[in-house]
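Participant: One predicted model, sequence on top.
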Amino acid sequence: MLVPLKWLKEYVKIDVPVEQLAHRLTMTGTKVEGITRLGEGISNVVVGRILEIRPHPNADKLVVCVVDVGKCKLQIVTGAPNVKEGQLVPVALDGATLPGGYRITTTSLRGVESCGMLCSGQELGLTDEDYPGAEVDGILILQEEYPLGMDIREALGLDDHVLEFEITSNRPDCLSVIGIAREASVALNSSFIPPHIEVKPGVGDVNAEAKVLVEDPYLCPRYCARVVKDVKVGPSPRWMQRRLASAGVRPINNIVDITNYVMLEMGQPMHAFDLDKVAGRTIVVRRAREGEKLVTLDDKERLLSSDMLVIADVEKPIGLAGVMGGANTEITDGTKNILLESALFDRGSIRKTAKALGIRSEASLRFEKGLDIHAVRVALDRAAQLIQELGAGTVVEGVIDVCHGSLEKRILEIPWKRVNGLLGLNLSADEMADILNRLEFKVEIKGEYMRIEVPSFRQDIEGVADIAEEVARIYGYNNIPMTLMEGTVSRGRKTRRQKLMDRVKDVLVGTGLYEVVTYSFTSPRVYESLGITDPQLIPKTVRILNPLGEDQSIMRTTLIPSLLEVLSRNRNRGIERCQIFEIGPAFLPKSLPLEDLPEEKPLLTIAEYGPDIDYYDLKGKVEVLLNELGLLAEAEFVPHVHPTFHPGKTALVKLGGKETGILGEIHPKVAENYQLEERVLVAELELDALLDSAKEERRFRPLPKYPAVERDLALVVKKEVLAAQVESCIRELGGQLLEKVELFDVYEGAQIPEGYKSMAYSLSYRASDRTLTDEEVNSLHDNIVKGLEQKLGARLR
Amino acid sequence: MAVGPAGFNPLSLREVSFPTETKMGGTTWLIKPSSHAWAKAFSIYDDIDERREPWMKAELEQIRREAEQALARINNLQDLSSFRVEYLGKKGKLTQILRGMGNLPAEERPQIGQLANQIRAYLEEEIEKKRKVLEEEALNQRLRDEVIDVTMPGRRHYRGKLHPLNIVLNEIKDIFLGMGFEIAEGPEVEWDYYNFEALNIPKNHPARDTQDTFYITENILLRTHTSPTQIRVMERQKPPIKIIVPGRVYRSDAVDATHSPIFHQVEGLVIDRNITMGDLKGVLDVFAKEMFGPQTRTQFRPHHFPFTEPSAEMDVSCTTCGGKGCRVCSYTGWIEILGAGMVHPKVLKHGGIDPEKYSGFAFGMGLDRITNLKYGIDDIRLLFENDIRFLEQF
Ligand SMILES: [Zn+2]
């Protein structure tokens, strides 16, 4: 909402600097977003008249003008083609400044002295909206008479400020100059002077000129109309154009400008129809017929549906109620008679219609927030008054007023002490009443209660909380003392799960991984990029109905693609090592179409590449994490084949026999899809499975009192035999006394038969109550060797 | 080489203060001791009758002198070891002499034997001293050889870091945990009811425009704020309620330096009897001072949110200029960091809480914005790009 300060000053006495006004308004709830100084940078530019134009003696394209600027006549050289003797033009005097920091001084142009400069519209920072003809190629020719020597800012209405307000959706009354003026008067404790509205007696009788039928009173609680005859359509006066332009509305013609002016001033949207084009001279307010079409003022054909309210005549729609008028009844230069509409429409319906058709007009923005039913008629009279004042036509006597809505006053009974209770203040009922009175509420104090009559323009006020806000914002939010709540002492602490999460992240960071944060929606094509072509393997997904684009249209079911994208981006930027993790949910629909919220299953995903990164590096990291959670002993890594991964370097991670994740090297073809040439390692684990079974309790085990006995074991086994098999076999056979099994070498090649490998283990035996004898250890060890021979066909090397 | 009382060899028979003149004075075989140490070592000679076996003594003296000279020339441990063998080994010179003692009259053997043992002990001691000196020298030499360039970079140990959003979130959590808040969570895919209806934003309410929403179905959407969790917590927990709700939220904004369709909020909710707007201000002022430093000032401006009434926006004094005005705060001295307000009575009712008995306040802040503010990050997109060179800075 843009409001020129001079316009605002018509309705409220303001004698503080504009910055202070802005601050006071902001601190009482009418937020000023910005202040624009019109004509900023312009100084010493005045109105002058071109008395004489002579050719330049040394240049064909230049002319020499004699310009009267009031107190003297100046010789000024210009190259503009559009100057004529007798014209009024802006003259930058010696020492003048122009927007953009330009400075004008007396200078010599091709040997002729020029004591200043004639200015174009652009040089003054103007557009056609600021002043007609401002954008022509040449000097700005003033179209009205001004005293010679007058400051150009004053002449063009540029000696003003424009305030930009952020109006919240609960205050449509402030989408108007008088609404802002009301707030300013309270904020400054100054007086509010509403416009004096009076329509002089008109001619004839409106009921003889037009008829209004409201078929859907629920969607149109009030419809008022006036008729104006003998309209003279033409430009509106400069001051009105100036105000509209400053408020961001393009001047069109006097009739349209008046309707827009009243909307800006009063907050009530209005519309003017060419009455001679309204069939049957009858306005019918009805729902559109399914499939009906209307070309709106922006020359677009709109397809209507039956839940949209239209303004129609007896034959056809002539306007989209509260949204936009129709082209078929538009005011044109030839318009003779008009019907002025001021109405109230149902906010929900307006919003739905505007949204469905993709129109956001100044009118619909106001209607959808809820307007004052009383203002409907007042605004109509204001428009009629302006038509009379501007001589734009002859107002017909009378108003057609079809009102089905309630005009009753709204009364609230508020326990006023509750206001103090909510705010933490200790105001008296009188103090509150005083504030409310200034806001045009009428207050009667009845003991514990206040009987409050809510002004009709305050649709947002419903109860004690709203009254508390009114009191607080005028009393000053910053005058409310700060307190820390009394009452039950609460303990703030993290849940087990939250603490475990912290621990998980801590461990991951400690293994060299950076945490990343990526988008949780992705492309449906990611499965293809992940090498998953079997439709059976593509999970069901949660789809966004209105995504920003196809690439962001489904909620992810895995974090792997997001992390591969991060790796890819880093790789493309020449980063040689990237080790990352993310914790975030996978969105898994329980059924499709979605009838319930999807499951949000938190995943922990790790991805890395780098000079020394391989399967065992990532597995080591996962093992560190599992160990920290007390889960390493029960974890199994089972060889697995998945299209996203390298068929020989991938394992399912199982905890207590249950599948909880996958770990492996990304398939080279998949890596290529992400422009990654190096080995990329990825693990994805179900976080809840880790956290739920985590054993965070720790018990002290006494340190061993007796020495351990070490024995090495070098085996030759078939290549397919897994380390996990060998180890579990050794452990089973070694029993209680076998303390540690460590694989320290795996070898294939010379001296080992084709298809076999050598595995060297270091075993450590220990008893907690005695020193083991060689005999005991030897017998255990031999037993293990025999067992390995029998079960895995292992041979000692 | 002074040896004080602590270094006194217990093999010496007794300690004397050294007399530079002794009974042995005029004899030629004994070099006058030149130091206090010598005095101790040779005090034994007092008891030897030199007249009886001068040749044997002379020979011992000869060995001793020879040994002393040889020892003085030794400059490495290996030579020292050979020296020991040469004099004290099984076939060493001193040992040989002692073997020849068999030729002496029996009553003289003890005396000569004693003398030989004294010399042996003396040499042992000297060898030990020499060994220490040489070892010390060898160590010093090694240390000199091992000098490194201590300014060269250390060996790289990889440690990752938390994402800056979560570093800041952890700070925020700590502040509120310290004030007795607990941490709650809610789903990101949410019912329209919780996201809008229950928060006093009915269908076709204009406030829905400011939160352009991603819909999944007509009734299911991606939450546009963390506020739905307010209702979820009220539904399952009786007052007092004191929670913060960090989480990810979604709005269909096109991406630019200040907008992202995905961002993060931290919601707060306090409900109890007699909770006031003064409490809201007090708690958030504490938060601001903990978060941005004790010099931070706060200001509250009226605003509108459908789910709170009265509603406010909180500004903090600019973290860059301290309030004087700069580019960061658009020369206002203030930076808006959160929205807040007293929980709307309708919202309390939707949560099953009686607004006549209880009141409460709620607040919500943009984590991404606060993170950017805290670290001086000027583009929200950097948070989601995850360039390692960005992540390693925090
Ligand atoms: Zn600043």
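Facilitator: Received the coordinates, thanks.
Participant: now the strands: where do they sit in chain B?
Facilitator: B:182-183, B:189-191, B:220-222, B:241-250, B:262-272, B:298-305, B:308-317, B:334-343, B:359-366 (DSSP state E).
Participant: closest one to the ion among the ones you listed?
Facilitator: Checking the strands of chain B against the ion by CB to the ion gives strand B:334-343 as the closest, at 7.2 Å. Heads up, the C-betas are built off the backbone N, CA and C, glycines and all.
Participant: Tell me which residues touch the residue in the stretch 101-250 of chain A positioned nearest to the ion, please.
Facilitator: The ion sits closest to residue A:166 of the stretch 101-250 of chain A, with a gap of 20.3 Å, by CB to the ion. Applying CB atoms under 8 Å, 6 or more residues apart in numbering or on different chains, we find residue A:166 in contact with A:1, A:31, A:32, A:33.
Participant: Mind doing that once more with 6 Å?
Facilitator: The neighbours of residue A:166, taking CB atoms under 6 Å, 6 or more residues apart in numbering or on different chains as the test, are A:31, A:33.
Participant: again, but for residue B:390
Facilitator: Taking CB under 6 Å, 6+ apart, we find residue B:390 in contact with residue B:382.
Participant: that older thread, beta-bridge partners for the residue of the stretch 101-250 of chain A closest to the ion, please?
Facilitator: Beta-bridge partners for residue A:166, by DSSP bridges, are residue A:31.
Participant: Tell me the pLDDT of it.
Facilitator: Here, the pLDDT recorded for residue A:166 equals 94.
Participant: Equivalent analysis for residue B:88, please.
Facilitator: According to the prediction, residue B:88 has pLDDT 86.
Participant: do you know how far it is from residue B:61?
Facilitator: According to CB to CB, to the nearest Å, residue B:88 and residue B:61 sit 17 Å apart.
Participant: same question, residue B:145
Facilitator: Going from residue B:145 to residue B:61 by CB to CB gives 42 Å.
Participant: more neighbours, these two?
Facilitator: Neighbours per residue (other CB atoms under 10 Å in any protein chain shown) separate residue B:145 from residue B:61, with residue B:61 holding more: 19 against 7.
Participant: Quick check, the residue in the stretch 651-797 of chain A closest to the ion?
Facilitator: Closest point on the stretch 651-797 of chain A to the ion, by CB to the ion, is residue A:687, at 40.9 Å.
Participant: For that residue, which residues are in contact?
Facilitator: By CB under 6 Å, 6+ apart, the contact list for residue A:687 reads A:602, A:604.
Participant: what's across from residue A:403 in the sheet?
Facilitator: Beta-bridge partners for residue A:403, by DSSP bridges, are residue A:222.
Participant: about what we covered before: export the strands of chain B as JSON lines, with columns for mean pLDDT and distance to the ion.
Facilitator: What follows is those, written out as JSON lines (pLDDT from 0 to 100; distance: least, CB to the ion, whole Å):
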{"stretch": "strand B:182-183", "mean pLDDT": "96", "distance to the ion": "32"}
{"stretch": "strand B:189-191", "mean pLDDT": "97", "distance to the ion": "36"}
{"stretch": "strand B:220-222", "mean pLDDT": "95", "distance to the ion": "34"}
{"stretch": "strand B:241-250", "mean pLDDT": "96", "distance to the ion": "27"}
{"stretch": "strand B:262-272", "mean pLDDT": "96", "distance to the ion": "23"}
{"stretch": "strand B:298-305", "mean pLDDT": "96", "distance to the ion": "14"}
{"stretch": "strand B:308-317", "mean pLDDT": "96", "distance to the ion": "8"}
{"stretch": "strand B:334-343", "mean pLDDT": "96", "distance to the ion": "7"}
{"stretch": "strand B:359-366", "mean pLDDT": "96", "distance to the ion": "18"}
